[in-house]
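# The following comprises the amino acid sequence and a computationally predicted model.
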Amino acid sequence: RRKQLIRDYKERKRPAGVYAVRRLATGQAWLDVTPDLDSRQNGVWFTLRRGGHPNRALQALWTADGEAGFAFEVIETVDDEGLSPLGLSLRLKDRLGWWRGRLGAEALTG
């Protein structure tokens, strides 16, 4: 039973897409993409709490405002049905560019 639960967990469908970290006081947003929206917030919040996020400007604002000053938002889920890993990566990059232009948002990393 335990092995089956582990196998089911590893084979579960994970939604891919575009997400934002938004500063609530100003509405300022930082966008990025991920192949696993369900777990991404934990990773981003972890690096911000530890003070090691690669986006130094965001890290400084997080340190000043605290966790309560920010929200994690799913902007768009991307259908990855029938896509290779490279195809998914290209689609995510395309959608990220579109949303950054539309929202005037900054990149979360890089």
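Perfect, I can see it now.
# got the residue ranges for the helices in this protein?
Here the chain has its helices, by DSSP state H, at 2-10, 37-49, 56-65, 85-103.
# C-alpha coordinates for the shortest one, PDB please?
Provided in PDB are the C-alpha atoms of helix 2-10 (Å, rounded to 0.1, in the frame of the first residue of the first chain):
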ATOM      1  CA  ARG A   2       2.800   2.400   0.900                       C
ATOM      2  CA  LYS A   3       4.700   1.800  -2.300                       C
ATOM      3  CA  GLN A   4       1.500   2.400  -4.300                       C
ATOM      4  CA  LEU A   5       0.900   5.700  -2.600                       C
ATOM      5  CA  ILE A   6       4.500   6.800  -3.300                       C
ATOM      6  CA  ARG A   7       4.100   5.700  -7.000                       C
ATOM      7  CA  ASP A   8       0.800   7.600  -7.200                       C
ATOM      8  CA  TYR A   9       2.300  10.700  -5.800                       C
ATOM      9  CA  LYS A  10       5.300  10.700  -8.200                       C
END
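# That one - what's its average pLDDT?
What helix 2-10 shows for mean pLDDT is 82.
# From the rest of the structure, what touches stretch 63-76?
Outside stretch 63-76, the residues within contact range by CB atoms under 8 Å, 6 or more residues apart in numbering are 17-25, 29, 31, 37, 40-41, 44-45, 48-49, 51, 61-62, 95, 99, 103. In short, each C-beta sits where N, CA and C put it, glycine included.
# For the residue nearest to the spatial centre of the chain, which non-adjacent residue is closest in space?
With the centre of the chain defined as its mean C-alpha position, the nearest residue by CA atoms, centre = their mean is residue 19, 4.4 Å away. Distance criterion CB to CB, 6 or more residues apart in numbering; nearest residue to residue 19, sequence neighbours excluded, is residue 74 at 5.4 Å.
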